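[1] Any chance you could fold what I've pasted below:
(2 chains, ligands or ions: 2)
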Amino acid sequence: MTIADRALTEELAGRKDMIVCRGVKKWFGDFQALRGVDITVKDREVMVVLGPSGSGKSTLIRCINRLEAHQEGSIVVDGVELTNDLRNIEKIRSEVGMVFQQFNLFPHLTVLDNVTLAPIWVRKKPKAEAVAKAMELLERVGIPEQAAKFPGQLSGGQQQRVAIARSLAMEPRVMLFDEPTSALDPEMIKEVLDVMKELARSGMTMIVVTHEMGFAREVADRLVFMESGEIVEVGTPEHFFANPKEERTKLFLSQIL
Amino acid sequence: MSDTSLSNMSRQPETPLPSPARWVRDNLFSSISNTLQTIFFSLIIFGLLRWVLGQVFSEESDWESVATNIRLLMTYNYPADQFVRIWVAAGTVFFAIGSSFAAWNINPAITIRRLVVGFVGFGVFLLLCAVIAPSVAPSSIRNGMYIVGAVLAVGGLVVRRLVPGAHLRFVPFSRLLTGAAAIIVALIWILPFGRHSFSDGELTIERGVSVASSTKVPWTVLFVVLLVAFFGGRVLAARFAPVMRRALIAWWVIGPAFVLFLVLRDPAFDWGRVWSVDVPIAAAFALGGGALLYVLARPGRDDLARVVGAVLVAFAIFNWIAAFAGWYPMLQKVRISFLLVGLVTLLVPTFAGERSARIRLATSWIGLIVVVHWLLTAINTESTLVISAPPFLGGLVLTVTIAYYVMLASFPLGVLLSLARTSKMPIFRVLSTSFIEVVRGVPLITVLFFFSIMLPLFLPRGMGISDLAAVFIGYTLFSAAYMAENLRGGLQSVRRGQYEASDALGLSTVQRTVFIVLPQALRVAIPNLVGQAIATFKETSLIAIVGGFDILRIANSTIPNQPDFLGQKRPALLFIALVYFVFTYSMSKSAQNLEKKLQAGQAR
Ligand SMILES: Nc1ncnc2c1ncn2[C@@H]1O[C@H](COP(=O)(O)OP(=O)(O)O)[C@@H](O)[C@H]1O
Ligand SMILES: [Mg+2]
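    Numbers count the residues shown, from 1 in each chain, chains lettered A, B, ... in the order given. Ligands and ions are numbered 1, 2, ... in the order given. Next comes the predicted model:
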């Protein structure tokens, strides 16, 4: 363990557990997509998940807000265990925000309605308050002037920033990002990453699946490398980019760096 | 002025038109095969037109059979001394149309060029008709067609010459509407339609004059109402458009029920009973239910609301079972109200919220109870029952009424069926699929027979149903099955990501369906739904078979049996074909506009 690693471990140890996965297993029919994943994400930690396509990264974070149901093991989010109990699922979903590769904005609603819908109907916020908060968030992601437009009228980068604002409007404790920049043209990646960096600095707990190594190096507290539904290696960016232990990690990094 | 410039800014102007000669060469005679096709199809069209004109002006066609029977075709035997009700009902419809145009800022992009092309085309068409009309055509009509056709064609071409950039300038909708209304009203006052009347069984016809003022005046008033509603509505819409839209949507859904009762005559309420029984019951449900909803809609009481709702629905279902078994008596409206309060309570978690949301929920409930109880009370009173019997309600009024209500009622039913069919719960899927498949496997006529003849036999003692209501229920169920199938296509087109995003935001299943899935599915389904609406409208003619006097039956069997017009079918059939066409064509046209508008909104 390097000095940086040790310092981080000590620092993180003092914080509260935000997400705890223990032996999480998940099958799609006969195919096992997760083979016993153990991971703990601490409060205000930014964790970046790396791994080749098909390694189960999306499946893992989709299990964390129950878009997929895991079959074995346990997932506890902010002290609430994910079971089939509908109330726990609803509670967790309103605590956990998710940003998708394909944005998944609601095309028939304006940007403002996209952002205020859930606060008004799920959080039961008064409309004026929800709108004020939405405008504040659109300001924060840098597109307040697009509030009255429809998603189809925005560029990909702008749409993804609206999607981030939409998730933040629910005031989540945790944000999950599933390859948020993979569907974007290169010139738009930066504007989205900048928003995410700002979010990380503000102390949001984040799990980010991404191939943007610059982002991982700059923002991540810890990196996780997954392959074939397993976690192969966990460590700080320094550890990963300087001297990864596992052969598979080295091979993967050499391919994408 | 202002809307001219607005529409110019927001719309692509049409491309400039090539000269007519050039257009004809490029499009009709560009090659040999193209020329042959043009000639071939022109001959076919020419032949068809000739045939239609031959029918219209045939010596055997007595158009007085239509002119005399206009009132019969429109309203059948509606009592003449009650006619003002029909006019008032029509007035409310015209008012709603005018204000809806204003509230939704309807503004189709029609350039001066398109208008001119339309007028010139119509003028040329009239000239053509005048030339090829058979020799028996009255010379007054032929000359009239020559003159009007020439005026339109030449006038149009002159306007096109005089107005520079006709293809760039949009005609504001306000002027189109005013112009159309003015032309129609002027025609009503000028056209020598003649006055036809039966007095003491004798047909008297006064030729060469315009229609009686008992027709002219109400129509003029209707168009004035339309324009007043439109221009007044525009002033209001400038400030209150969202409120207006909500009010108008409510009116289009609830208003027709009131209009129907206006047409079906005021209910002859037994006021003693109304005050001692009906009002107290309605008040109990309105206030009790409102209080219950208000209490349960406090955030955090979702589970309690679900339990109470489930208990109430179970109780309501038990009540219906008890009614069939005859265990204990209970007023029909009480049974219905229990079911309503249960269903609404189940929806409470969706609409729960802070104080203003809860007040809104409670007041909506009170409004619902008032409307439902008024309808339930009115529907069972003497004069409504009498006049809704077939001898009174008929003609175009019956056709339009049945079509509108069937569409209105089958829509929510179709939505529920399609949702059930695509749901994850096997029991819903099986029930809905079997219903849809059974209904779609049976011809409409069988369904109508079943409901008008068989249904009354299955009803429990003391529960009757009028013919019209039976037909209406059968037709609604039939239409709902098709509606569900049309919607299913729309539902399947909603991408999985939309469901995932809604779930990730914590929306409940009902919220996801109402706010995200249905609006997107409906947009996709609009063309099919309109096709279905048109079919529904046309197939109302089948209610003739179970005893209704719709417009087709009057044309096909009532008029030909009148002593004055024995055997005269052709003119009336041609006339109602035109009526059907006007209705269906405007339906499909407005659906196209709606589609364009929605697409422009989303601008993918
Ligand atoms: N809904 C599904 N049905 C069947 N197989 C799936 C499904 N979702 C993912 N998989 C499989 O699970 C594996 C992991 O997928 P995923 O988590 O999306 O990988 P990653 O995000 O790392 O590329 C892949 O082999 C994929 O084919
Ligand atoms: Mg993935």
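
[2] residues in the stretch 51-200 of chain A within reach of ligand 1, list them.
    A:51, A:53-59 (CB under 6 Å from any ligand atom). Every C-beta, even on glycine, is put in place using the N, C-alpha and C of the backbone.

[3] so where is the stretch 1-150 of chain A shaky, pLDDT-wise?
    Along the stretch 1-150 of chain A, the parts satisfying pLDDT under 70 run over A:1-5.

[4] Get me the contact residues on it for chain B.
    A:65-67, A:90, A:93-94, A:96-98, A:100, A:102, A:104-108, A:117-118, A:120-122, A:124, A:126, A:150 (CB under 8 Å from any CB of the partner chain).

[5] which of those residues are buried?
    With burial judged by 16 or more other CB atoms under 10 Å in any protein chain shown, the buried subset of the residues of the stretch 1-150 of chain A next to chain B is A:65-67, A:90, A:93-94, A:96-98, A:100, A:102, A:104-108, A:117-118, A:120-122, A:124, A:150.

[6] host element of the residue in the stretch 251-400 of chain B that ligand 1 sits nearest to?
    Closest contact between the stretch 251-400 of chain B and ligand 1, by CB to the nearest ligand atom, is at residue B:350 (28.6 Å). Assessed by DSSP states H and E, residue B:350 sits inside helix B:332-351.

[7] Show me what that helix is packed up against.
    Contact partners of helix B:332-351 among helices and strands, from 3 or more CB pairs under 8 Å, 6 or more residues apart in numbering or on different chains; DSSP states H and E: helix B:279-296, helix B:302-325, helix B:355-379, helix B:509-511.

[8] wait, doesn't residue B:173 sit right on residue B:107?
    Yes: Residue B:173 is within contact range of residue B:107, at 4.7 Å (criterion: CB atoms under 8 Å).

[9] Just the pLDDT at the single nearest residue of chain B relative to ligand 1, thanks.
    When scored by CB to the nearest ligand atom, chain B has residue B:496 as its residue closest to ligand 1, at 9.6 Å. Model confidence at residue B:496, given as pLDDT, is 93.

[10] And the strands in chain A, which stretches?
    A:17-28, A:31-42, A:46-50, A:72-77, A:80-81, A:96-99, A:174-178, A:205-209, A:222-227, A:230-235 (DSSP state E).

[11] what's the answer for the stretch 351-500 of chain B, then?
    With DSSP state E, counting those that start in this stretch as the criterion, the stretch 351-500 of chain B has no strands.

[12] can you give me the helices in it?
    For the stretch 351-500 of chain B, the helices defined by DSSP state H, counting those that start in this stretch cover B:355-379, B:382-387, B:395-421, B:426-440, B:444-449, B:455-458, B:467-493, B:496-504.

[13] State the number of residues packed around residue 61.
    All of this is about chain A. Residues within reach of residue A:61, counting by other CB atoms under 10 Å in any protein chain shown, total 21.

[14] Can you look at chain B instead?
    19.

[15] wait, it sits on residue B:569?
    No: taking contacts as CB under 8 Å, residue B:61 lies outside contact range of residue B:569: 9.5 Å.

[16] one step back: can you tell me how far the residue of chain B closest to ligand 1 sits from chain A?
    9 Å (CB to the nearest CB, to the nearest Å).

[17] same thing with residue B:314?
    Taking CB to the nearest CB, one finds residue B:314 at 21 Å from chain A.

[18] okay, that residue: pLDDT?
    For residue B:314, the pLDDT comes out at 94.

[19] Find the residue closest to it in space, skipping its chain neighbours.
    Spatial nearest neighbour of residue B:314, excluding adjacent residues (CB to CB, 6 or more residues apart in numbering or on different chains): residue B:342 at 7.8 Å.

[20] which residues pair with the residue nearest the centre of chain A across the strands?
    By CA atoms, centre = their mean, chain A has its centre lying nearest to residue A:176, at 1.8 Å. Residue A:176 forms beta bridges with residue A:98, residue A:207, as assigned by DSSP bridges.
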